[in-house]
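In: quick one, structure for this:
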Amino acid sequence: MAATPFAAGRDADVYALDDARVLRRYRDGTDVAVEARFMSHLHAAGFPVPRVHRADGADLVMQRVAGPTMLQALVAGTIEVAPAAAVLAGLHRRLHALAPLPDAQHGDRILHLDLHPDNVILDPGGPVLLDWRNVRHGPPGLDVAMTALILAQAAVDPEQPMAAAADEMQRAYRHALRDHAVPLVTEALAIRRANPTQTPTELALLDAAAALLTT
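Out: Next up is the predicted model:
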């Protein structure tokens, strides 16, 4: 394992093991067993998620995926807002069409609950969805509402250089999914507010973001 991570998120560090595998380690020691179980199920079903090689405590060894994140591509101008929003909507449709795990309640589907441009890798073979820490079963509309809320949160941030693009994207994304998000915005708001990785500044933007989605 490399001495230092080549990538770092809000709650995990990622180390290159070789050209084909990475190790992601949660700093707070969160067990990856549930996450790995869902990811393995999705990979077997053909959903674009990194293949899991090993899960042990806070360590998840998985397939290394090439390409920029969608956010990086948006900043660089190598993908436009409308196609990017269509990719997000397509990932949600594909995910929610898959069979859940056997312990799901009737009518529930697999939810990512953190699907946004920085968690999508634009691999040459197609988009790949990363970061399944929040995965669980539930109503598909909640997953859609969460993505809309995350995009709206960036759209109402006066310090966010991509605010205008985020606003355009949340509108295009919601249009692609026909306002499916609106009924579950309140629940998504509560989940987002309880997320320990949110900064005080981000928390202060949540009500304005929710208002943007429901007006």
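In: so what's residue 38 closest to, chain neighbours aside?
Out: Of all residues not flanking residue 38 in the chain, residue 135 sits nearest, at 4.6 Å (C-beta to C-beta, 6 or more residues apart in numbering). Any C-beta I mention is one placed from the backbone N, CA and C, and that applies to glycine too.
In: isn't that neighbour right up against residue 34?
Out: Yes: if you go by C-beta atoms under 8 Å, residue 135 and residue 34 touch, sitting 7.2 Å apart.
In: hmm, back to that, which residues touch the residue nearest to residue 38?
Out: Residues in contact with residue 135 (C-beta atoms under 8 Å, 6 or more residues apart in numbering) are 34-35, 38-39, 110-113.
In: let's go with 7 Å and repeat that
Out: Counting by C-beta atoms under 7 Å, 6 or more residues apart in numbering, residue 135 makes contact with 35, 38, 110-113.
In: now, of these, which are buried?
Out: Using 16 or more other C-beta atoms under 10 Å as the burial test, the contacts of residue 135 include 35, 38, 110-113 as buried.
In: adding secondary structure, write the residues you listed out as TSV.
Out: Formatted as TSV, these follow (DSSP: H, G, I helix; E, B strand; the rest coil):
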residue	secondary structure
35	helix
38	helix
110	strand
111	strand
112	coil
113	coil
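In: tell me the two of those that are most distant?
Out: Greatest spacing in the buried ones among the contacts of residue 135, by C-beta to C-beta: 35 and 111 (12.7 Å).
In: can you give me the strands in this structure?
Out: Ranges of strands in the chain, per DSSP state E, are 7-8, 12-16, 21-26, 52-56, 59-63, 109-111, 120-123, 126-129, 136-138.
In: name the strands paired with the second one and say parallel or antiparallel.
Out: The partner list of strand 12-16 in its sheet, established with DSSP bridges, is strand 7-8 (antiparallel), strand 21-26 (antiparallel).
In: what does the last one contact?
Out: Okay, so that is strand 21-26. Contacts to strand 21-26, defined as C-beta under 7 Å, 6+ apart, come from residues 1, 11-17, 53, 58-64.
In: mind listing what residue 73 touches?
Out: With C-beta under 7 Å, 6+ apart, residue 73 has these contacts: 79, 122.
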